[in-house]
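Enquirer: after the sequence you'll find the predicted model.
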Amino acid sequence: MSTFRDLRHYIDQLTGTLGEDEVLRIDGADRDLDIGGITELMAEKEGPALMFDNIPGFPPGYRVFTNFMGTAARTAVALGLPPDTPKLDIVRAWKDLSRRIEPVPPVEVTTGPVLENVLTGDDVDLRVFPAPRWHEADGGRYIGTACMVIARDPDTGWVNIGTYRACVQGPDRLSLWMLGNRHARAIAEKYWARGRSCPIAVVVGQDPILSTAAAIAAPSGMSEYDLAGGLRGKGVEVLYPEGGEIPVPAHAEIVIEGEMPPVEEESVLEGPFGEWTGYYTHSGQETVVRVKRILHRDDPIILGAPPMLPTVPAGDQAVPLYSASVTWDHLEASGVQNIKGVWAYARQLLMVVSIEQTGAGDAVHALLAAAGRKRTGGMERYFVVVDEDIDVTDINHVLWAMFTRVDPSESIQVLRAPTTAIDPRLSPERREAGDLSMGIVLIDATKPFAWKDRYPAANRFDDAAREELRRRWEGVLAL
Ligand SMILES: Cc1cc2nc3c(=O)[nH]c(=O)nc-3n(C[C@H](O)[C@H](O)[C@H](O)COP(=O)(O)O)c2cc1C
């Protein structure tokens, strides 16, 4: 597994293993919309990772790094796999790894590069960083899109890390938007119930393993630090800044420390913000961080992962790969046999499972099990099961199965299931009533088991024949 010390180390690994062109340096892009727009256009083309420098109005070296895990190859490097690992093998490796993962606690150190600059008192000013306005209608500049929000449970000492968007609201004010069931909110409520503000640290700029751990729904009581340590096989180096209660990564680019008062005491208008569904959904009075201290490395890098349409192939490749691995794990745990692959499209809106049928009912079992992983907060919408001859990583192949092996009058079932508060299809009435439910579609696109062997044969050259043609015509045709 990967053992990146920090974000810079990962960037070195990207260029080291995939070539210098894997990270494109861009000078002079404005933090208002240029950086966001270029990031989106490059992601649509599955282009390189982007390092923005010499941002107008900011010192050279104050950088923004985007599209960091935007392709399967970059995700493979992030997970410590060979860069040419086939896409489905990345999902399989991730599933196997998460199953055998042993939590490794963080290692406490006394110093680290994050302490190169310590801003306190009047020097606290978030505006020194080139936080971008990512999308045209964003309600502010978001420094935190792939950030880590760290809080500590006052009763148990459990340290939780989550990714919640963070908007600069003034020199010493940050807003956070945490959906209702987020752990940091539950922790903050414990402090608020005792009449205290909740100590909080927001990390901007960390390696992809820490980013991934922060975005994973680790069970309550398990620290994402331990999870990241398990993923990398080595404890994360953390330090307690002087007088601080929250351990922060010693190699982070930027750490913003402060406290979150109850919303009734102070709140701010947060949003709108272009969300991963492809819409601006949420805006409202949200929690504030009163910033007390800022730590940052020399020449700090803001790690940015602005949401884009979920259909952008390289929008955030890690999310679909991770969603597919979790679904695959869930299918196995539910006793589904002969799973050949699981792949997620549009982040996780369309989940495709391939199986080798051994009996009538296998396909429906797989569909129900895949849908059974869905919880409030998830937005899987379409579940499709296909036969083993379908390449789940090729959307055209999946569509062919859906168009030719489905009898819409009997192969499709619609159920009602939980969804997320940012589901754009929730009516205003349902949203206001707190009814976060939505239809989901289960599509059996397998050949009916009872007459599978009599299904018309496919006229597509099979894999062996394709390989043979490629070999024989090599040098004449690029097949
Ligand atoms: C790039 C990215 C951005 C996210 N932004 C938010 C957000 O703004 N608010 C939120 O509540 N969840 C957001 N999430 C989802 C949470 O980070 C995720 O559910 C995480 O597991 C929450 O951690 P927790 O269970 O410890 O609260 C985001 C996830 C990713 C990958």
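Expert: Here it is on my side, so go on.
Enquirer: could you pull out the helices for the stretch 101-250 of the chain?
Expert: Applying DSSP state H, counting those that start in this stretch to the stretch 101-250 of the chain gives helices spanning 183-193, 208-215, 224-232.
Enquirer: what residue in the stretch 301-450 of the chain comes nearest to the ligand?
Expert: Relative to the ligand, the nearest point of the stretch 301-450 of the chain is Ala305 (4.7 Å; CB to the nearest ligand atom). Heads up, the C-betas are built off the backbone N, CA and C, glycines and all.
Enquirer: which SS state does Leu477 fall under?
Expert: For Leu477, the secondary-structure state derived from DSSP: H, G, I helix; E, B strand; the rest coil is coil.
Enquirer: meant to ask about Gln413
Expert: strand.
Enquirer: just checking, it touches Val441?
Expert: Yes - the criterion here is CB atoms under 8 Å, and Gln413 meets it with Val441 at 7.5 Å.
Enquirer: ok so, going back, can I get the helices of the stretch 101-250 of the chain in CSV including distance to Val104 and mean neighbour count?
Expert: Listed next are the helices of the stretch 101-250 of the chain as CSV, based on distance: least, CB to CB, whole Å; neighbours: other CB atoms under 10 Å:
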stretch, distance to Val104, mean neighbour count
helix 183-193, 20, 18
helix 208-215, 11, 24
helix 224-232, 3, 24
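Enquirer: tell me the angle of the longest helix along the chain relative to helix 208-215?
Expert: Longest helix in the chain by number of residues (criterion: DSSP state H): helix 318-333. Orientation of helix 318-333 against helix 208-215 (axes from the mean of the first three to the mean of the last three CA atoms, to 10 degrees) gives an angle of 60 degrees.
Enquirer: which parts of the stretch 201-350 of the chain sit against the ligand?
Expert: Taking CB under 6 Å from any ligand atom as the contact definition, the stretch 201-350 of the chain meets the ligand at 215-217, 305, 319.
Enquirer: for the residues you listed, work out which two are farthest apart.
Expert: With distances taken as CB to CB, the most widely separated pair in those is Ala217 and Ala305, at 17.3 Å.
Enquirer: okay, buried residues for stretch 144-158 please.
Expert: Of the residues in stretch 144-158, those with enough neighbours to count as buried (16 or more other CB atoms under 10 Å) are 144-154.
Enquirer: for stretch 355-365, same thing?
Expert: Going by neighbour count (16+ other CB under 10 Å), the buried part of stretch 355-365 is 355, 357, 362-363, 365.
Enquirer: go on, stretch 447-467?
Expert: 447-448.
Enquirer: restrict it to CA atoms and write it as PDB.
Expert: Extracted in PDB, the C-alpha atoms of stretch 447-467 (Å, rounded to 0.1, in the frame of the first residue of the first chain):
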ATOM      1  CA  LYS A 447     -30.700 -13.500 -20.000                       C
ATOM      2  CA  PRO A 448     -33.700 -15.200 -18.300                       C
ATOM      3  CA  PHE A 449     -32.200 -18.100 -16.500                       C
ATOM      4  CA  ALA A 450     -34.900 -20.600 -17.600                       C
ATOM      5  CA  TRP A 451     -34.000 -20.300 -21.200                       C
ATOM      6  CA  LYS A 452     -30.500 -18.700 -21.000                       C
ATOM      7  CA  ASP A 453     -29.000 -21.400 -23.200                       C
ATOM      8  CA  ARG A 454     -31.500 -20.800 -25.900                       C
ATOM      9  CA  TYR A 455     -30.900 -17.000 -25.900                       C
ATOM     10  CA  PRO A 456     -29.700 -15.900 -29.400                       C
ATOM     11  CA  ALA A 457     -26.000 -15.900 -29.700                       C
ATOM     12  CA  ALA A 458     -24.100 -12.600 -29.700                       C
ATOM     13  CA  ASN A 459     -22.500 -11.700 -33.000                       C
ATOM     14  CA  ARG A 460     -19.600  -9.800 -31.300                       C
ATOM     15  CA  PHE A 461     -16.100 -11.100 -31.600                       C
ATOM     16  CA  ASP A 462     -15.100 -12.600 -28.300                       C
ATOM     17  CA  ASP A 463     -12.100 -11.500 -26.300                       C
ATOM     18  CA  ALA A 464      -9.900 -14.300 -27.500                       C
ATOM     19  CA  ALA A 465     -10.700 -13.600 -31.100                       C
ATOM     20  CA  ARG A 466     -10.100  -9.900 -30.600                       C
ATOM     21  CA  GLU A 467      -6.700 -10.600 -29.000                       C
END
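Enquirer: list the strands paired with the longest strand anywhere in the chain, with their directions.
Expert: Secondary structure assigned by DSSP state E gives strand 284-296 as the longest strand of the chain. When pairs are called by DSSP bridges, strand 284-296 turns out to pair with strand 117-120 (antiparallel), strand 173-176 (antiparallel), strand 254-260 (antiparallel), strand 268-270 (antiparallel).
Enquirer: show me the shaky parts of the protein.
Expert: 1-2, 315-317 (pLDDT under 70).
Enquirer: distance of Leu477 relative to Asp394?
Expert: Distance of Leu477 to Asp394, computed by CB to CB, to the nearest Å: 21 Å.
Enquirer: how about the residue nearest to Gly278 when sequence neighbours are not counted, secondary structure?
Expert: Distance criterion CB to CB, 6 or more residues apart in numbering; nearest residue to Gly278, sequence neighbours excluded, is Leu309 at 4.0 Å. Secondary structure for Leu309, judged by three-state DSSP, is coil.
Enquirer: could you tell me how many residues sit around Leu309?
Expert: 16 (other CB atoms under 10 Å).
Enquirer: any idea how far Arg347 is from it?
Expert: Leu309 is 10 Å from Arg347, where distance means CB to CB.
Enquirer: equivalent analysis for Pro83, please.
Expert: Note on Pro83: its distance to Arg347, by CB to CB, is 22 Å.
Enquirer: please apply the same query to Arg182.
Expert: From Arg182 to Arg347 the distance is 18 Å (CB to CB).
Enquirer: tell me who's in contact with Thr287.
Expert: Neighbouring residues of Thr287 by CB atoms under 8 Å, 6 or more residues apart in numbering: 175-178, 185, 188, 260, 263, 267.
Enquirer: which of these count as buried?
Expert: Buried members of the contacts of Thr287, counted by 16+ other CB under 10 Å: 175-178, 185, 188, 260.
Enquirer: picking that back up, narrow the buried residues of stretch 144-158 to those in strands?
Expert: Per DSSP E, those map to strands at 144, 148-152.
Enquirer: of all those, which comes closest to Val203?
Expert: Within these, the smallest distance to Val203 is 4.1 Å, found for Met148 (CB to CB).
Enquirer: specify the beta-bridge partners of that closest one.
Expert: In this structure, Met148 bridges to Val203 when assessed by DSSP bridges.
Enquirer: was I right to think it contacts Thr163?
Expert: Yes - look at Met148 against Thr163 with CB under 8 Å: they come within range, at 6.6 Å.
Enquirer: and for the two, which residues touch both?
Expert: Jointly contacting Met148 and Thr163 under the rule CB under 8 Å, 6+ apart are 211, 214.
Enquirer: one step back: ok, Ala217 and Ala305, which is more surrounded?
Expert: When neighbours are counted by other CB under 10 Å, Ala305 comes out ahead of the other of Ala217 and Ala305, with 25 against 14.
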